[in-house]
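3D model of this:
(2 chains)
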Amino acid sequence: MRRLIIAAPAGYGNAGAGSLSLSSVSRLERGPERIMSIIPVDRKTPSRTRLSHPALVLPLLVYLTAFYAYPVAAMMLRSITEPSWTLENFRRLFENPVYLHVLWLTFRVAAIVTIAALLLGFPVAYVLARIDRAKSNLLMMLVLLPFWTSILVRTYAWMVLLGRQGIVNQFLLAIGAIDEPVQLLNTTFAVYVAMVHILLPFMILPLYSVIRGIDGNLLRAAEGLGATPIGVFRQVLLPLALPGVSAGCLLVFILALGFFITPALVGGPRDLMIAVLIQQQVELFNWPFASALAVVLLAAALLVFGGFARTLGVREALGRVSR
Amino acid sequence: MSRRARPRSGPSLGVSSIAALVLLYLVFPILVVIPLSFSAGTYLSFPPPGFSLRWYENFLGRSDWLGAASLSLWVGAAVMVLATALGAPAALALVRTDFRGKDLLMGFIISPLIAPVIIVAIGIYFFYARLGLVGNPFALVIAHTCLAVPFVVINVSATLQGFDERLEQAAMNLGATPWRTFWQVTFPIIRPGVLAGALFAFISSFDELVVALFVSGTSAVTLPRKMWESIRFEIDPTIAAVSTILIVLTGVLFLSAELLRRRSERLRAAVVLPDLPAKDALRSV
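Numbering: from 1, shown residues only, chains lettered A, B, ... in the order given. Sure, this is the predicted structure:
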C-alpha cells in the first residue's frame, strides 16, 4: 500500500503533461489547476479591461488570404479551367495506369511508414513516459535532436549510410552476411527506412504526452489484480493512449502522403510518389495537370484529416497537430 | 501486502531495450555525418582516412556556399520579424476574445503547417510566375512567412492560455493605462513565449527547401537549395561539413527556444498557477 500512496503525487505531477491539446478532456487531467479553481476567475465575461480586440487578428488574416489561400485556390482552379472549363486533367489522371500506380504507391508507402512508426514509436514513448522526469528529459533529447535537424541533412545521412561504400554495406561485408555490396540506396527499402526515421518523432511526441498523462496507478492496479503485461497493455494502456495513437498516426500519415525531399533523393525510379510527380510535371510545364495532382493530394489529406477529426473532435486533432 | 505481490514499477527490460534500439536508430545517422565532415579523403568513405578541415575550408572559401548561407540567414531574420509582428497580435485576439468562426479561423491559420508543402509551394510558384517574382528574395520572405506564422501563433497562444488576467486587472485598478499595463505586466510574462515563437519561425525558414526549390529561381539560392543541388550533383564531404554546421546551429537554436518555453511556463507558474504542462512543440516538415 505504501508504494501506491507515494506514487500518487507523482501521478499528479505527471498529469499535466498529457495535454498536447486544447481540449477540455485534457484540461480535466491537469491536476493542480483544480486547486486554483477554488478562486473564482471570471474568464467568460468580456470586460472592458481585457487587453485585446478581435481586430488584432485582421492583419494576419489579410496576409494569409492574399499570399497563401488565394495562390493555392487559384492553382487548384487551374486544374479545371485550363485550357478551358474541363475535367480532362482528372480524366487523364484516373485513366492512365501509370498515374494510378503512383497514387496507390503513395498510399501504400504512407500506410507502411505510419504502421512502422507506430510500432517503433510506442515502446519509446512508453519508456520515456514511465521513467522519472530527469532521465526522460535527457533521453528526450535523443528524440528531439533528429527532430530539429533539417530533413535534408537527415536524408543525406541515410544516403551516406546506405550507399554502395556505405557503413551498412561495409558492416554486412565485415560480418560475412554478404559477399559483395548490395544495392540499398535508390530502393523502396531506403525510402521506408529514411521516411520512418524522419517521421518517428511526430509519432513519439504526441504518444509520449498522452501516456505521461495516464495515471500510473491504473497500470499498477491492473498488475496488482493479476493482469499479464499483455493484458495491461491491451485492456488499460492502449485504450487510454488511443488519443495519442490517433494523433500520431494522423500526423505521420498526412506528412508521409506529401513527402517530397526523401523519396526524391533515396528512392529509385520506380518509387515515384505523388509529390515528386507533381514537381516533375511542374518542370515539364504541365501546370494544369500538376494542379490536378495537387487537388487529389489535398483531397486525400483532407479526407484522412476529416475522418480523424470526426473521431477525435476537430479541436483535439488541430490542437495535437499544432503543439 | 506481501512483498511478492508488490507490483513492479517502471518499464520491463524487454520494452526498455527495444526503446533503446529505436533511440539508436534515431540518433546514429546524425552522429555518422559529423566525423565524415572531418575526413581527409575526397570521397565519402567510412571510417575517414584521416583528419582534416579541408571541407570546412572549402565551404568557407567558396562564394556560392557563403552567398547561400548569408541569404538564408537574411531571409530567416526577415521572416522572423514579419511572422512575429503578424502572429503575436493574432494570438492575443484568438486567445482572449470570442467571436463567431474563431475555431475555423484558428484552423485556417494553422493549416500551412498541416497542408502538404508541395501544394503550398506550387500554388505560390504559379502566383509568383505570373507576377514575375520568381528569384526575388523578398518574395521568398513573403512565402516563408506563411509557413512560419503558425509557430508564432501556437507559441504565443500557449503562453497566453495560462496567463492570469487578474494581474492586469490589478495593474489597471492601481491606475495603469491599458498600454502601460500591456508593456509592464503582460509583455514581460509572455516574452519568452514570443521569443520562442520567433526562433521557431526563423528556423522554419532557414530550413525550408520545397518552397525555395520553386520560388528561388537562379538568383535567390538559399542554403537548403544549394545543399540540394550539391547532394544531387557533386557528392563530396563539403556537404557533410555544411550538415555538421547545421546540426550544431539548429541544435543550439532549438535548445534556446526550448529553454525559453520552459522559462515562460515557470514564469507563469511562479506568478499564478502552481504547475502547468510542458508542451512538446511539434515542428512541421
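
by contact count, what packs against the helix or strand in which residue A:307 is found?
Taking DSSP states H and E as the criterion, the element that holds residue A:307 is helix A:287-312. With contacts defined as 3 or more Cβ pairs under 8 Å, 6 or more residues apart in numbering or on different chains; DSSP states H and E, the packing partners of helix A:287-312 are helix A:70-81, helix A:88-95, helix A:97-130, helix A:238-257, helix A:274-283, helix A:314-322, helix B:117-131. The C-beta positions use only the backbone N, C-alpha and C, and glycine is treated the same way.

give me the buried positions along it.
Under the neighbour-count criterion of 16 or more other Cβ atoms under 10 Å in any protein chain shown, helix A:287-312 has A:287-298, A:300-301, A:304-305, A:308-309, A:312 buried.

and for stretch B:34-44?
Buried residues in stretch B:34-44, defined by neighbour count with 16+ other Cβ under 10 Å: B:36-39, B:41, B:44.

specify which member of those is nearest to chain A.
Taking Cβ to the nearest Cβ as the measure, chain A sits nearest to residue B:44 out of these, at 5.6 Å.

tell me the pLDDT of that closest one.
Note for residue B:44: predicted pLDDT of 68.

now the residue of chain A found nearest chain B, nearest residue through space, not along the chain?
Residue of chain A nearest chain B, by Cβ to the nearest Cβ: residue A:258 (2.5 Å). Using Cβ to Cβ, 6 or more residues apart in numbering or on different chains and skipping residues adjacent in sequence, the residue nearest residue A:258 is residue B:116, 2.5 Å away.

check contacts around that neighbour.
By Cβ atoms under 8 Å, 6 or more residues apart in numbering or on different chains, the contact set of residue B:116 is A:254-255, A:257-258, A:275, A:297-298, A:301.

end-to-end on stretch A:256-266?
With Cα to Cα, to the nearest Å applied, stretch A:256-266 spans 15 Å between its terminal residues.

coming back round to it: how far off helix A:274-283 does the helix holding residue A:307 point, in degrees?
For helix A:287-312 against helix A:274-283, the angle by axes from the mean of the first three to the mean of the last three Cα atoms, to 10 degrees is 160 degrees.

run the chain-centre distance for helix A:287-312.
16 Å (Cα atoms, centre = their mean, to the nearest Å).

what sits closest to the residue nearest the centre of chain B if chain neighbours are left out?
With distances taken as Cα atoms, centre = their mean, residue B:200 lies nearest the centre of chain B, 3.1 Å away. Excluding the flanking residues, the one nearest residue B:200 by Cβ to Cβ, 6+ apart is residue B:151, at 3.8 Å.

now the helix or strand harbouring that neighbour: buried residues?
Here residue B:151 sits within helix B:137-161, counting by DSSP H and E. Residues of helix B:137-161 classed as buried by neighbour count (16+ other Cβ under 10 Å): B:137, B:139-161.

low-confidence stretches in the chain?
No chain specified, so I'll use chain A. Along chain A, the parts satisfying pLDDT under 70 run over A:1-49, A:309-323.

actually chain B
For chain B, the stretches with pLDDT under 70 are B:1-10, B:43-46, B:235, B:268-285.

now the helices: where do they sit in it?
Assigned by DSSP state H, the helices in chain B fall at B:13-37, B:54-61, B:63-96, B:102-114, B:117-131, B:137-161, B:166-173, B:178-181, B:187-206, B:210-215, B:223-233, B:238-271.

packing partners of the fourth one?
By that I understand helix B:102-114. Using 3+ Cβ pairs under 8 Å, 6+ apart, helix B:102-114 sits against helix A:58-64, helix A:314-322, helix B:63-96, helix B:137-161.

how about the ones you listed, which one is nearest residue A:214?
Ranking the helices and strands packed on helix B:102-114 by proximity to residue A:214 (Cβ to Cβ) places helix A:314-322 first, at 15.8 Å.
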